[in-house]
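Q: For reference, the sequence and a predicted model appear below.
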Amino acid sequence: MEFSPAENDMVSMNAQVRLYNPNKNKITLTALNLILELDQSQVGQIDKEYDLPMPPEGEFDIPIEVMVPTKTIQDKVFKGALLNFMGGKPIVGRFTGYAKVKTMGVPIKVPIMIEKEIDLLNL
């Protein structure tokens, strides 16, 4: 994850989402609908349409961008980094939602729930 300044007191959080297609058929990613939470507080949302083919039995990286209010980053990340440095627990980042895919013309919603502790000292 990378953070960079944006307009209107917002911070752009950029990341790569790696999706895996376990099927023997090619599928097409048609949409992502994800909510980003930091320490159980919703801070951003992705609702984006795609038309990306995904190879059979393979991985596929998708760049995503979430706009997060600067105050949220200051409250969660910088204060969390201080607590982490002093021996407190790290913050938890979570993406929940779904991906819409299409295979052989049939649309399918695939649930997504990714949770990861964020190492604040190495952002």
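A: Yes, it's here.
Q: Name the nearest residue to residue 16, sequence neighbours excluded.
A: Leaving aside its chain neighbours, residue 16 sits nearest to residue 61 (4.9 Å; criterion: CB to CB, 6 or more residues apart in numbering). (Each C-beta comes from the backbone N, C-alpha and C, glycine too.)
Q: Could you report the neighbour count for the one you found?
A: 9 (other CB atoms under 10 Å).
Q: element containing it?
A: According to DSSP states H and E, residue 61 maps onto strand 58-69.
Q: what is the mean pLDDT for that strand?
A: What strand 58-69 shows for mean pLDDT is 84.
Q: buried ones in it?
A: 62, 64, 66, 68 (16 or more other CB atoms under 10 Å).
Q: Looking at the residues you listed, spot the one nearest residue 107.
A: Nearest to residue 107 among the buried residues of strand 58-69 is residue 62, at 18.0 Å by CB to CB.
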